[in-house]
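Engineer: Sequence first, then the predicted structure:
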Amino acid sequence: MFLTVTFMHLQARYALLCLPLAGAVCSCGGNAMHYDAATRALATCSGATLTTVVVAGVDGKDFYRIAKRPGAAGTDHLRLDQLSESYVVRGWDSRVCPAGVRLRPNTSYRVSNASNGDAAASDVLVKTASDGLITEGSPAACR
């Protein structure tokens, strides 16, 4: 009986110690983002750094994975046509795309922010004009 009571007491203490620690380690941020027409950039709603962004053609013909380089300073606004050296772009086969993201003219793309692994990815639909630059995006997901 004494061992059972002592063991239960230790379990309760362990839980009280671990729960706050888990809360401190866990990230509670989200991945919500939107297309900012004024800056022609994808932007996070919370101001958090974009670390992992996936760009996929709605027609299935294009795929890019943009990742922040380890130790590099990232940003909360990302222009796909003007990526900084802080980011590396990879294609379907995981090979680096030295030319960066090349969007096709008059095409729709789904851009997903998966920077925060604890939260669901946030998607923005964007469309390009005849010059391949983004001209419009789905409404802001920020609330």
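Structural biologist: Right, received. Where do you want to start? Numbering: from 1, shown residues only.
Engineer: Next up, the contacts around K127.
Structural biologist: By CB atoms under 8 Å, 6 or more residues apart in numbering, the contact set of K127 is 106-109, 134-137. Glycine gets a C-beta too; all of them are placed from N, C-alpha and C.
Engineer: make it 6 Å
Structural biologist: 108, 136 (CB atoms under 6 Å, 6 or more residues apart in numbering).
Engineer: Return the set of buried residues in the helix or strand harbouring it.
Structural biologist: In this structure, K127 sits in strand 122-128 according to DSSP states H and E. By neighbour count with 16 or more other CB atoms under 10 Å, strand 122-128 contains the buried residues 122-124, 126-128.
Engineer: Between those, which sits nearest C97?
Structural biologist: Here the nearest of these to C97, counting by CB to CB, is T128; it sits at 17.2 Å.
Engineer: Bridge partners for that closest one, pull those for me.
Structural biologist: I134 (DSSP bridges).
Engineer: per-residue confidence for it?
Structural biologist: pLDDT recorded at T128 is 95.
Engineer: hang on, the earlier thing: kindly reformat the buried residues of strand 122-128 as JSON lines containing distance to T44.
Structural biologist: Below are the buried residues of strand 122-128 laid out as JSON lines (distance: CB to CB, whole Å):
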{"residue": "S122", "distance to T44": "9"}
{"residue": "D123", "distance to T44": "13"}
{"residue": "V124", "distance to T44": "11"}
{"residue": "V126", "distance to T44": "15"}
{"residue": "K127", "distance to T44": "21"}
{"residue": "T128", "distance to T44": "22"}
